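Visitor: Structure of the sequence below:
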Amino acid sequence: LQDDVTPDFLDRIYYRATPSFVSLADDAGLHQHIQTHAVTFHSGFLSSQIRSAIWYDQSAFNLGLVKDFFHATINSRGQYFDFNRSRQNQLTNLSTTVSAGISSTTPVAINTQAVGQDAVLYRTFYDPVNLSGDLVAQEINPDATLATTDDGEPVYLWSAAKQLDSLIGVNGAEHLAGRDIFTYSTESRSGTNFLYSSINSTQQVLIDDGSSIGELRINYLRGNTANEEDILEGPDPAEEKILRIRPQTTSTAGGIVHNAKLGTIANAAPVFIGIPQADGRFGGAWPRADGETYLDFQREQLNRDPSVLVAANDGMLHLFDAQTGDERFAYVPNLVFSKLSVFSDPGYRHQFYVDSTPSVNDAYISVDGIAAPAWNTTLVGGLGAGGRGYYALNITDPENFTRDDVMWEFGPEDDPDATADNDGNGISDMGLS
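Guide: Predicted coordinates:
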């Protein structure tokens, strides 16, 4: 798998945080590969026999069969265990080894259609132990390889998780002034600021979830670290205003240290947004009047600074400056409000929230249904494994995105084909989006 299908293909996955092979017990290969772990039960052979450098014909000796397993683990940088009652913790160690790896499972985004000068690759990582993620930018060399040091360690232009730490300051003190985060109100059917004082009463009830710490939970999602405490047992965390601690961690193959303010990025791929380049927007039924053609729109957007966006399981869609990694804005769909309260709980176990790759396209539409149609760059996203429903944003000017650029949301309750149950509640057959 090192060269994927052909030697011309780039390796696409970093699996561990350490950038080079350290020993046979460590798997830090920067190439895409399969790691093999083997467990034998009461093989009857001594560990020294199995682990010796003498190889036997596996067809002639039982020891040869066992050693063949051991050999496979060495080649793939896995682990081998000869399990017996005195080593019952070995399976636990194996489980920890498999689950602790820094992973990347999504496709990448590239800022150009041809490899050349200033070509950049954007890729995501997630840490399943500390429930954090990262989006990084890495330069692509003219020979289609990725930029690394002389020692083969990856060189990143920026890390979104690291930049987010800088944006919100020490202990997240600047989470209010430093971040622009928006959501959608089903009452006003418009965008609003993601602040406890700005969301509607229904949303407040959902984020409170029977407690009085809804505002603390909102601030936690914005990056504030006040009230974070590492507890295993004791009083009711909500009553004591205790929130889940987010430990300092790494979530990239380059070992970038950050404070885990960006959630896991599991199934959503990054999307690059540059100058409008859509095809098939000329002639036919498309606008032809001066100032209204797609070519006019492209000319107007020639100086639009590039962005890269990604959906994460912290309940947000994040849009970053593609050149610096600074977050320009984030969006929390109202569709995920029903389970936002548990994200900060000390006993939280991973859930999916905004877990689908959004679709971005240029459309000639009226973004609010009132103004005259015009060309706009629009985004439509779903929740993937996080739930049911869709949201739409106008990202024509991502640097100056405001709550007025939130277009709409559509969930199961909006389904006109929903059928009523015995209590009169609508039942929609809308699946995961």
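
Visitor: Which strand or helix spans the residue nearest the centre of the chain?
Guide: Against the mean C-alpha coordinate of the chain, by Cα atoms, centre = their mean, the closest residue is Ile265 at 1.6 Å. Counting by DSSP states H and E, no helix or strand carries Ile265.

Visitor: What's the separation between it and Lys241?
Guide: Between Ile265 and Lys241 the computed distance is 29 Å (Cβ to Cβ, to the nearest Å). C-beta: built from backbone N, CA, C; applies to glycine.

Visitor: Hmm, Pro128 and the residue nearest to the centre of the chain touching each other?
Guide: No. Applying Cβ atoms under 8 Å as the test, Ile265 and Pro128 come out as separate, 11.5 Å apart.

Visitor: now Glu187, what's its secondary structure?
Guide: Assigned by DSSP: H, G, I helix; E, B strand; the rest coil, the conformation of Glu187 is coil.

Visitor: Could I get the contacting residues of the closest residue to it other than its chain neighbours?
Guide: Counting by Cβ to Cβ, 6 or more residues apart in numbering, Glu187 lies nearest to Asn200, which is 4.7 Å off, once chain neighbours are set aside. Contacts for Asn200 (Cβ atoms under 8 Å, 6 or more residues apart in numbering) come out as Ser185, Thr186, Glu187, Ser188, Thr192.

Visitor: Give me the phi and psi for the residue nearest to the centre of the chain.
Guide: phi -120, psi 100 (degrees, to the nearest 10).

Visitor: And Ser344, by the same measure?
Guide: Per-residue torsions, Ser344: phi -100, psi 0 (degrees, to the nearest 10).

Visitor: Give the burial count for Gly387, as a bare number.
Guide: When neighbours are defined as other Cβ atoms under 10 Å, Gly387 has 23 of them.

Visitor: Roughly how far does it sit from Met316?
Guide: For Gly387, the distance to Met316 equals 14 Å [Cβ to Cβ].

Visitor: ok, back up a step: quick check, nearest of the contacts of Asn200 to His258?
Guide: Closest approach between those and His258, by Cβ to Cβ: Thr192, at 28.8 Å.

Visitor: which residues in the stretch 251-400 of the chain form strands?
Guide: For the stretch 251-400 of the chain, the strands defined by DSSP state E, counting those that start in this stretch occupy 257-258, 271-273, 307-311, 317-321, 327-332, 359-365, 374-382, 390-394.

Visitor: got the contact list for the fourth one?
Guide: The one in question is strand 317-321. Residues contacting strand 317-321 (Cβ under 8 Å, 6+ apart): 135, 160, 163, 262, 273, 305-312, 326-331, 333, 354, 358, 381, 391, 393, 395, 398, 401.

Visitor: Select the helix or strand of the chain having the lowest average pLDDT value.
Guide: The weakest-scoring helix or strand in the chain, judged by mean pLDDT, DSSP states H and E, is helix 89-99 (a mean of 49).

Visitor: and stretch 333-349, which residues are buried?
Guide: For stretch 333-349, a neighbour-count test (16 or more other Cβ atoms under 10 Å) marks Pro333, Asn334, Leu335, Val336, Phe337, Leu340, Ser341, Phe343, Ser344, Pro346 as buried.

Visitor: pretty sure Ile74 is in a strand, no?
Guide: No. Counting by three-state DSSP, Ile74 falls outside a strand, being helix.

Visitor: partner residues bridging the residue nearest to Phe297 when sequence neighbours are not counted?
Guide: Counting by Cβ to Cβ, 6+ apart, Phe297 lies nearest to Trp375, which is 3.7 Å off, once chain neighbours are set aside. Under DSSP bridges, the beta-bridge partners of Trp375 are Tyr364.

Visitor: wait, what's in contact with Trp375?
Guide: Pro276, Glu292, Tyr294, Asp296, Phe297, Asp362, Ala363, Tyr364, Thr396.
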